[in-house]
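Asks: compute the structure for the input listed below.
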Amino acid sequence: MTKPALTLYLAAPRGFCAGVDRAIKIVEMALNKWGAPVFVRHEIVHNKFVVDSLRDKGAVFVEELTECPDDRPVIFSAHGVPKSVPQAAQAREMIYVDATCPLVSKVHIEAQRHADNGLQMIMIGHEGHPETIGTMGQLPEGEVLLVETVEDVAAVQVRDPNRLAFVTQTTLSVDDTADIVAALQTRFPSIVGPHKEDICYATTNRQEAVKAMAPKCDAMLVVGAPNSSNSKRLVEVGARAGCTYAQLVQRGTDIDWRALDGIKSMGITAGASAPEVLINEVIDAFRDRYDVTVEMVETAVENVEFKVPRVLREPA
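Replies: Take a look at the predicted model:
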């Protein structure tokens with residue numbers, strides 16, 4: 001039986017970013033240096049496949065530092081942690097390695113600098129997301145106010161409307177954030193923003209590739225985890241850019257084939273914490289059912305690389 005023809009548009013860039021790459025490398029190097037087990041506070045990155053493969057190598061994932069023994073190394077996830085966490089690790093004389101993405105660390109430094117200048121912070125982010133918790137936890141309680149929507153901006157109660165600054169979570173939708181920033185600037189004309197956009201280059205690049213790809217596609221799949229903020233934003237961006245069916249899948253086995261019946265063109269991308277092996281698995285699933293022609297939709301070339309902490313580059 002002849003397979004139906006399908007044009008498969010593949011977004012570039014897609015998948016792993018430099019911060020995720022570095023975080024995974026940190027866990028692997030820590031296991032090589034200190035042996036198993038190495039403890040990791042929170043999922044190192046939001047991807048089950050990655051977490052499971054590191055667990056198989058000897059990483060133990062916990063939610064709180066209190067679950068870690070004093071005598072084994074602990075790694076803090078790429079999303080960042082409140083200041084209280086490394087302080088607690090130091091107090092217990094633990095070996096710890098901070099795998100916070102350098103672009104998240106940049107936001108932490110920004111928040112501290114504004115606070116040192118006497119400004120109250122407003123953070124644009126998602127409540128309960130580890131990155132938001134980590135950034136808000138850089139400053140004392142009440143010094144960082146969270147807004148998630150334009151409506152939140154109208155309701156936020158500040159100490160002094162003339163002494164404010166804002167930062168953003170690095171994995172947000174560029175377009176949504178622009179609306180919230182505009183609302184903040186309208187309500188608080190003297191609010192101080194970051195020198196350069198806090199939303200990271202990888203998030204922005206992946207969203208731009210989806211915007212270019214979406215109008216060509218009957219349907220679009222984003223390979224990523226349901227708890228991955230940047231992956232969920234890609235689904236929203238795709239739907240908004242004109243792709244009527246945009247869905248998140250973790251693996252090739254998650255594809256809803258009935259929903260894709262009759263499609264002629266398919267877009268595929270992946271969140272920044274999804275490995276290429278899972279993207280290939282999804283492409284192979286389409287090859288099994290369709291006569292696939294792959295076309296690349298490339299909007300940027302990434303060559304960013306972040307160094308791992310010095311402690312991992314030194315002999316044990």
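Asks: what bits of the protein have low per-residue confidence?
Replies: 316 (pLDDT under 70).
Asks: what about the strands in it?
Replies: Applying DSSP state E to the chain gives strands spanning 5-12, 38-41, 59-62, 74-76, 96-98, 120-124, 144-147, 164-168, 219-223, 245-249, 265-270, 291-298.
Asks: redo the ones you listed as a markdown table? Include distance to Val20 and mean neighbour count.
Replies: Glycine gets a C-beta too; all of them are placed from N, C-alpha and C. Formatted as a markdown table, the strands of the chain follow (distance: least, CB to CB, whole Å; neighbours: other CB atoms under 10 Å):
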| stretch | distance to Val20 | mean neighbour count |
| --- | --- | --- |
| strand 5-12 | 16 | 19 |
| strand 38-41 | 14 | 23 |
| strand 59-62 | 15 | 17 |
| strand 74-76 | 14 | 25 |
| strand 96-98 | 15 | 21 |
| strand 120-124 | 22 | 22 |
| strand 144-147 | 24 | 20 |
| strand 164-168 | 19 | 23 |
| strand 219-223 | 13 | 27 |
| strand 245-249 | 17 | 19 |
| strand 265-270 | 11 | 26 |
| strand 291-298 | 20 | 14 |
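Asks: among these, which comes closest to Gly137?
Replies: With CB to CB, the closest approach to Gly137 among these belongs to strand 144-147: 8.4 Å.
Asks: got the CA coordinates for that closest one in CSV?
Replies: Only the C-alpha atoms of strand 144-147 are listed here, as CSV (Å, rounded to 0.1, in the frame of the first residue of the first chain):
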residue,chain,number,x,y,z
VAL,A,144,9.8,40.9,44.5
LEU,A,145,6.2,41.2,43.4
LEU,A,146,5.0,38.6,40.8
VAL,A,147,2.8,39.5,37.8
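Asks: need the contact list for the residue nearest to Glu281 when sequence neighbours are not counted.
Replies: Leaving aside its chain neighbours, Glu281 sits nearest to Gly252 (4.1 Å; criterion: CB to CB, 6 or more residues apart in numbering). Neighbouring residues of Gly252 by CB atoms under 8 Å, 6 or more residues apart in numbering: Leu278, Glu281, Val282, Asp284, Ala285.
Asks: all set, thanks.
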